[in-house]
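Chemist: the following comprises the amino acid sequence and a computationally predicted model.
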Amino acid sequence: MGFLENRFEDNIITAKLDQILSWARSTSAWYFQFGLACCAIEMMATAASRHDLERIGMMPRSSPRQADVMIVAGTVTLKMASRVKLLYDQMADPKYVISMGSCANSGGPYSRQGYHVLKGVDQIIPVDVYVPGCPPRPESLIEGLLKLQDKIRKERPLTKKK
Amino acid sequence: MGLVHAEEMTLNIGPQHPSTHGVLRLKVKTDGEIISEITPVIGYLHRCFEKHCENLSYEQVIPFTDRCDYIAAMNNSFGYVLAVEKLMDIQVPERVEYIRVIMAEYNRIASHLLALGTFGLDVGAYTPFLYMFRDRERILDLFEITCGARLLYNYMWVGGVSHDLPLGFMEASYRFLDEFEKNINEYHNILSYNKIFIERSADVGIMPKDVAIDYGVTGPNLRGSGVKWDLRKDEPYSIYNRFKFDVPVGTGIMGSVGDCWDRYWVRAEEMQESIKIIRQALDKIPREGNVHEALPKKVRPPKGSIYFRTESPRGDLGYYIISDGTPTPLRVKMRSPAFTALSALSEIATGWMLSDVLVILGSLDIVLGEIDR
Amino acid sequence: MTIDNIIQWFQSWFPVNVMVLFITSVLIAAVVIFAIMAVNALVAVYAERKISAFMQDRVGPMGQGPGLHAGKWGLLQTIADTIKLILKEDIIPKAADKKLFIIAPFIIFLGAFIALAAMPFGPYLIASDMNIGIFYILAVSSFGVIGIILAAWSSDNKWSLYGGMRSAAQIISYEIPAALSLVSVLLLTSTLSMQGIIQSQAGTVWGFLPNWNIFNNPFSFLAFFIYFIAGVAETNRTPFDIPEAESELVAGFHTEYSGMRWAFFFLSEYGNMLVVCGLTVVAFLGGWQSPIAGVMEGAWWGLFWFLTKLTATIFIMIWFRWTFPRLRVDQLMNVAWKILLPIALFNLFGVAIWTLLVG
Amino acid sequence: MIINQKVSDILEVKFPGVVILPDEPHNDFIQIHPEKWKEIAKFIKTDSELKFDSCQCITGVDLGIEDGLEVRYNFHSMQLKHKIEIRIAVERKNPSIPSIEQVWRGANWLEREVYDMYGIRFKGHRDLRRMLLPDDWKGWPLRKDYKTPNIYNGMKIPKVRKGWD
């Protein structure tokens, strides 16, 4: 956690600061360039010219240390699961996870016979927003990201948790 | 001064790395920048495709073939349905044949665009990647008006296709092809003939002809090595024998035959050839016809097996299907071209620098979904 | 506005200890320079994102509607980025060399920061016009590479190590052609002082062109390009961005850095751009001199011209960044040692002969 | 198909008794005994009439719990443009087969994959490890009698998660 978080009593100043801080966090949520499968292509398409994630302030970072949002785009297999967890642990707080596509949500089409597929990434890391679809269209990913931004904006990072 | 002690370092490229094109892990031994040994470790995306096939009916397998090679989903399901049709001896209507060829060639262009773009990204050029995505989006639009999906279509069915071409498809197609032909020159200007790009890719990662054949490397990678081998020409399936097109091969214009630039160039040229095929198909397609005419009541092939190959954007895509007469296949094996291409990596990339290895990997145009299945 | 001037000005009002005055005025200058760097980074990052977006058929950062604004046209985007980065968790890996890991970003930052002390933003706007100004800038701007190596080494990450080693090799190579092409400028101007160099570029050449060093003779025209190429290499930007080569080394020497420390790398990268472009402008493009001799001159016009030229050169750097692929490390060395260095040496000789014959 | 007959005849002359003659007539493939497989492979790769220079595909097949396993090879000749399928049956218990990894380099990974999925050992393979599955994986997943494990390294892989149906 950052050095200012959860240190202050609730008052008007911290409320304003809280607002500014969560505004900043939501506006500049940089995502982790991390594609697993089919959904990664749609993620790339979302970042590319037509949909352009930079519009909503999202920039790709390839080092987990510098990223805020991890978009789990694709099927998480058992061989990969420990690495996904490791990458999540390497990210700096505050960190958010978007589970993109049916595979990351629940195993998707591979859930029944997939002996090597993790049935949902939420079994190993906490997920903030689930984006359904196989693969989700860029529009739905953007919708998921905007939902995440809403969620971040409602946070009160500075005040002490009751 | 004592002796300088040099030591090899083991480096793990991946499974998460910006230019491994998915979740591939390369275990490399490095001596400074020079790579002395490469061991690809795959399987991080092993989604049990073949196990699923043994438990699903023949039609239900089609979406899974889409998901194997998610960049060229049309081509993948095309190969599968052709194999099943051959096993069942189904004759599909003329219009369906043409629609399938048009879709497969469009998807080949889309796949090559992505391959070239990400190759540029590996070399460090970001802008061409976005330019190529811009045109790829327009192809996806055409798919979308046809079958409603952008990436994974489930469009090819056994005995037909899921939807007929919509109104306005032809006009949109012609318009797109005209504009796209011009855009190819733009790519050549910004990437292909860029001095730095040539320096980085020409004479790098040379794959000699005999090595390529010995490894079973096919498709643009083999043609880049100067072998004129294209299943569409040499073993025509569907109706490919009706079209006039060339098979571009690598000639070593910028370096030697079989280098990364040649593989890049073959893909760029193949887009031109695909445009030619699509134009001919659009001209010749029967205007009327029911695409659901030849759909079988139930897909239950007779006992037997078949190994059927088609030319996917990555090379010879083979399906080995064994039927035991029941509605579910006994075994479906996918012979994936990217798998064999990747197996040749350690042969051709050893001894190059770290940056080159990633460029060579990019030039092979692998899709991990297809390698791991 | 040199530090000496401030001291004199202060002393005429408050006659106090010289030492105290000195420290105060140095602090004032430091704050101003830091502000320049920070503003530069904010503006340049925004500009870079917008320009790259423009080149790539995108729109770049935009406001997103009521309530979730990053300002109109995303103007507040970089501010949001900064606030977020400052308040992000600061990770120091367990295996890292803690002291070096902490100090490295500041060393890199320091390199760019103190170099700006001798940068003349206008006829009077210079923190300290020392008589060896250009020499000083050359010396301290290569300070940053020490920070890069320290950051790379202390991270205890293999990617970082690669980045650090590459960076060291690169900067050592490119300092030489850069310095040699600046020496050819010194031959023309026969002074080491930054203001002196600019003042010697007043007037016109051949009647219509401004008497900037770039137009002075064919050899210095070539020297400009050599210096600019070497300068791009020194700032670690594409096509010479091999130390951080995103598609090869994940994030290069700053792979393990997060939050505020990483922001310092960002800040100093753009600070370095400022230094290199500023030096280009001073040495070759006439500094704060107006392009048409005798028109629009004066202290504030000087600032205007300097900033205009600076913006133009920075724009060219951004343009490079989004157009070119990246060179390989050995090709980079080849360019430096086999192409730029011989030409720079030849140039030096040529300028010497030119000054001897033409004057 | 003519090529199958031709290959079968040539092999019968060169390696007597190696081709298993079918009970009922078929012409899609030839079935052979596994013993001399490596020599045969070398022969069909280099013989001037056959020249199968490209190993297209190696498929492991489980024909059912009562029947055995089988490995099927698809070869192709780039020069003479013909292709063939060769089948070799192996027993279910302790299956093993000579490796052709040193004949066609492309066979290396293909054989590893068959090993990974069916547990068929390729004698003489220099690097026979798991290919797609993790090294500590147990069982051969594509065999018909494979039971999907419920837990792997502490991660649950249930067939149906709570609340799905």
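Modeler: Cool, the structure landed. Numbering: from 1, shown residues only, chains lettered A, B, ... in the order given.

Chemist: so residue B:92: helix, strand or coil?
Modeler: Three-state assignment for residue B:92 (DSSP: H, G, I helix; E, B strand; the rest coil): coil.

Chemist: ok, now which ones touch the nearest residue to it once chain neighbours are set aside?
Modeler: Leaving aside its sequence neighbours, residue B:92 sits nearest to residue B:294 (C-beta to C-beta, 6 or more residues apart in numbering or on different chains; 5.0 Å). Every residue, glycine included, has its C-beta placed from N, CA and C. By C-beta atoms under 8 Å, 6 or more residues apart in numbering or on different chains, the residues touching residue B:294 are B:90-93, B:96, B:159-160.

Chemist: turn the residues you listed into JSON lines, including pLDDT.
Modeler: Listed next are these as JSON lines, based on pLDDT from 0 to 100:
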{"residue": "B:90", "pLDDT": "86"}
{"residue": "B:91", "pLDDT": "87"}
{"residue": "B:92", "pLDDT": "87"}
{"residue": "B:93", "pLDDT": "87"}
{"residue": "B:96", "pLDDT": "88"}
{"residue": "B:159", "pLDDT": "84"}
{"residue": "B:160", "pLDDT": "84"}
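
Chemist: now render those as CSV, adding neighbour count.
Modeler: Shown next, in CSV, are the contacts of residue B:294 (neighbours: other C-beta atoms under 10 Å in any protein chain shown):
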residue, neighbour count
B:90, 18
B:91, 10
B:92, 23
B:93, 18
B:96, 25
B:159, 23
B:160, 24
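
Chemist: phi, psi of the residue positioned nearest the centre of chain A?
Modeler: For chain A, the residue sitting closest to the mean C-alpha position, by C-alpha atoms, centre = their mean, is residue A:97 at 2.8 Å. Per-residue torsions, residue A:97: phi -130, psi 130 (degrees, to the nearest 10).

Chemist: got the phi and psi for the residue in the stretch 251-359 of chain C positioned nearest to chain D?
Modeler: Residue of the stretch 251-359 of chain C nearest chain D, by C-beta to the nearest C-beta: residue C:255 (26.2 Å). Torsion angles at residue C:255 (phi, psi; degrees, to the nearest 10) stand at phi -60, psi -40.

Chemist: against residue A:67, how distant is it?
Modeler: Applying C-beta to C-beta, to the nearest Å, the value for residue C:255 to residue A:67 is 12 Å.

Chemist: so where's chain C uncertain?
Modeler: C:1-3, C:15, C:63-72, C:293, C:359 (pLDDT under 70).

Chemist: and it, which residues reach chain D?
Modeler: Residues of chain C found near chain D (C-beta under 8 Å from any C-beta of the partner chain): none.

Chemist: from residue C:158, how far off is the closest residue to residue C:108 other than its chain neighbours?
Modeler: Computed as C-beta to C-beta, 6+ apart, the closest residue to residue C:108 that is not its neighbour in sequence is residue C:147, at 3.4 Å. Between residue C:147 and residue C:158 the computed distance is 19 Å (C-beta to C-beta).

Chemist: also residue C:134?
Modeler: Taken as C-beta to C-beta, the span from residue C:134 to residue C:158 is 38 Å.

Chemist: more crowded one of those two?
Modeler: Neighbour count, other C-beta atoms under 10 Å in any protein chain shown: between residue C:134 and residue C:158, residue C:134 has more, with 24 against 17.

Chemist: next one: phi and psi at the more buried one?
Modeler: Main-chain dihedrals, residue C:134, degrees, to the nearest 10: phi -70, psi -30.

Chemist: tally of neighbours for the nearest residue to it once chain neighbours are set aside?
Modeler: Once flanking residues are discounted, residue C:134 sits nearest to residue C:192: 5.5 Å by C-beta to C-beta, 6+ apart. Residue C:192 sits with 15 neighbouring residues when counted by other C-beta under 10 Å.

Chemist: secondary structure element for residue C:192?
Modeler: Applying DSSP states H and E as the criterion places residue C:192 outside every helix and strand.

Chemist: what of residue B:66?
Modeler: Going by DSSP H and E, residue B:66 is part of helix B:58-68.

Chemist: the residue nearest to the centre of chain A bridge partners, please.
Modeler: Counting by DSSP bridges, residue A:97 is bridged to residue A:70.

Chemist: distance of it relative to residue A:130?
Modeler: Separation of residue A:97 from residue A:130 (C-beta to C-beta): 10 Å.

Chemist: re the thing from before, CA atoms of the helix holding residue B:66 as PDB?
Modeler: Taking C-alpha atoms only, helix B:58-68 is exported to PDB below (Å, rounded to 0.1, in the frame of the first residue of the first chain):
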ATOM      1  CA  TYR B  58     -18.800 -33.400 -35.100                       C
ATOM      2  CA  GLU B  59     -20.600 -30.000 -35.300                       C
ATOM      3  CA  GLN B  60     -19.800 -29.100 -31.800                       C
ATOM      4  CA  VAL B  61     -16.100 -29.400 -32.600                       C
ATOM      5  CA  ILE B  62     -16.200 -26.500 -35.100                       C
ATOM      6  CA  PRO B  63     -16.200 -23.700 -32.400                       C
ATOM      7  CA  PHE B  64     -13.200 -25.300 -30.800                       C
ATOM      8  CA  THR B  65     -11.300 -25.400 -34.100                       C
ATOM      9  CA  ASP B  66     -12.000 -21.700 -34.300                       C
ATOM     10  CA  ARG B  67     -10.400 -21.200 -30.900                       C
ATOM     11  CA  CYS B  68      -7.300 -23.100 -31.800                       C
END
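
Chemist: could you look up the SS state of residue D:89?
Modeler: strand.

Chemist: do you know how far the closest residue in space to it that isn't next to it in sequence is from chain C?
Modeler: Spatial nearest neighbour of residue D:89, chain neighbours left out: residue D:70 (5.0 Å); criterion: C-beta to C-beta, 6+ apart. For residue D:70, the distance to chain C (C-beta to the nearest C-beta, to the nearest Å) stands at 44 Å.

Chemist: am I right that residue D:70 is in a strand?
Modeler: Yes - Residue D:70 sits within a strand when classified using three-state DSSP.

Chemist: what's the burial count for it?
Modeler: By other C-beta under 10 Å, 20 other residues sit near residue D:70.

Chemist: bridged to it, which residues?
Modeler: Beta bridges link residue D:70 to residue D:61, residue D:89, judged by DSSP bridges.

Chemist: ok, it to residue D:86 distance?
Modeler: 11 Å.

Chemist: surely residue C:257 meets residue C:265?
Modeler: Yes - in this structure, residue C:257 is within contact of residue C:265 by C-beta atoms under 8 Å, at 6.5 Å.

Chemist: and for the two, which residues touch both?
Modeler: Common contacts of residue C:257 and residue C:265, defined by C-beta under 8 Å, 6+ apart, comprise C:105, C:151.

Chemist: more crowded one of these two?
Modeler: The residue with more neighbours, out of residue C:257 and residue C:265, is residue C:257; 29 against 24, by other C-beta under 10 Å.

Chemist: residues from the stretch 251-359 of chain C in reach of chain A?
Modeler: Counting by C-beta under 8 Å from any C-beta, the stretch 251-359 of chain C sits next to chain A at C:251, C:254-259, C:262.

Chemist: let's see 10 Å
Modeler: Residues of the stretch 251-359 of chain C lying close to chain A by C-beta under 10 Å from any C-beta of the partner chain are C:251-252, C:254-263, C:265-266.

Chemist: and the strands in the chain?
Modeler: This is for chain A. In chain A, strands defined by DSSP state E lie at A:31-32, A:60-61, A:69-73, A:96-100, A:129-131, listed in chain order.

Chemist: let's do chain C instead
Modeler: C:204-205, C:209-210.
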